[in-house]
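sequence below, structure please.
(2 chains)
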Amino acid sequence: GGIITQTPKFLIGQEGQKLTLKCQQNFNHDTMYWYRQDSGKGLRLIYYSITENDLQKGDLSEGYDASREKKSSFSLTVTSAQKNEMAVFLCASSILGVYAEQFFGPGTRLTVL
Amino acid sequence: GEKVEQHESTLSVREGDSAVINCTYTDTASSYFPWYKQEAGKSLHFVIDIRSNVDRKQSQRLIVLLDKKAKRFSLHITATQPEDSAIYFCAAGDDTNAYKVIFGKGTHLHVLP
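You can find the predicted model right below:
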């Protein structure tokens, strides 16, 4: 077994601020993902990293940057927080393979004042 | 690109009855359809999947049906229990990218006593 840790659990920012969310996994998984979950809109893929030295944009990458520091960690940066933005950001990981099951972290809840 | 529609946003059933959650997809070439469950206050976890080489798959009280002609798949939960109450997300693999799945918006299942 393993675990995915996301920090912080809650993040409150100001409009225009640059905010960084962190994710660590100890599954020894190659592939990691960042999703945004908005109420009533499901999950949307922001960035993913197939292997340690890879970075790929998802469908919602505008306004975000990502960094895969090492195999076990994947960070997401909100480059300029939007006023009244509220969402949960979920990190996930999987083994390297076609259509592999994804394991999700507990999430970071973002509120922008 | 692939789109996944999850038809019921909320579903209420009596404990012991069956629940059915329906999803449709747009890409004829899609071949992988996982389901994830999100219990209150928790993150998502994988529950079952089906691939396009079969039209039915069962795991204990969960049955997934796939109708490729209609581009429709469904999750059947038999003999529902209170712990089945959760948000269920259907998803479809992106045929052009084996590392991406497209999620539906989720169905909130309430199992009533």
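
enumerate the residues of chain A near chain B.
A:31, A:40-45, A:48, A:50, A:56, A:58-59, A:90, A:92, A:98-99, A:101-107 (CB under 8 Å from any CB of the partner chain). Quick note: C-beta positions are derived from backbone N, CA and C, even for glycine.

one more pass at 6 Å, please.
Contact residues, chain A versus chain B (CB under 6 Å from any CB of the partner chain): A:Lys41, A:Gly42, A:Leu43, A:Ile50, A:Val98, A:Tyr99, A:Glu101, A:Phe104, A:Pro106, A:Gly107.

any idea how far the fourth one lies from B:Asn53?
The reference is to A:Ile50. Between A:Ile50 and B:Asn53 the distance is 25 Å, computed by CB to CB, to the nearest Å.

one more: the last one?
With the distance defined as CB to CB, A:Gly107 ends up 34 Å from B:Asn53.

between these two, which has more neighbouring residues?
More crowded of A:Gly107 and B:Asn53, by other CB atoms under 10 Å in any protein chain shown: A:Gly107, with 22 against 7.

show me where chain A has strands.
With DSSP state E as the criterion, chain A has strands at A:4-7, A:10-13, A:19-25, A:31-38, A:42-49, A:56-57, A:64-70, A:73-78, A:86-94, A:103-104, A:108-112.

check chain B too.
Taking DSSP E as the criterion, chain B contains strands spanning B:4-6, B:10-14, B:19-25, B:32-38, B:44-51, B:56-59, B:62-67, B:72-77, B:86-93, B:101-103, B:107-112.

got the angle for the fifth one vs strand B:72-77?
Orientation note: strand B:44-51 sits at an angle of 120 degrees relative to strand B:72-77 (axes from the mean of the first three to the mean of the last three CA atoms, to 10 degrees).

tell me what strand B:44-51 is packed against?
With contacts taken as 3 or more CB pairs under 6 Å, 6 or more residues apart in numbering or on different chains; DSSP states H and E, strand B:44-51 sits against strand B:32-38, strand B:62-67.

among these, which comes closest to B:Ser18?
When the helices and strands packed on strand B:44-51 are compared by CB to CB, strand B:62-67 sits nearest B:Ser18, at 9.2 Å.

that closest one: partners in the sheet, and parallel or antiparallel?
Here strand B:62-67 is paired, per DSSP bridges, with strand B:56-59 (antiparallel), strand B:72-77 (antiparallel).

can you redo these as TSV with mean pLDDT and mean neighbour count?
As requested, the strands paired with strand B:62-67 are exported to TSV (pLDDT from 0 to 100; neighbours: other CB atoms under 10 Å in any protein chain shown):
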stretch	mean pLDDT	mean neighbour count
strand B:56-59	98	12
strand B:72-77	98	20
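
need the ones you listed in TSV with distance to A:Leu21, can you?
Formatted as TSV, the strands paired with strand B:62-67 follow (distance: least, CB to CB, whole Å):
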stretch	distance to A:Leu21
strand B:56-59	33
strand B:72-77	31
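
out of the ones you listed, nearest to B:Leu11?
Among these, if distance is taken as CB to CB, the winner is strand B:72-77, at 9.8 Å.
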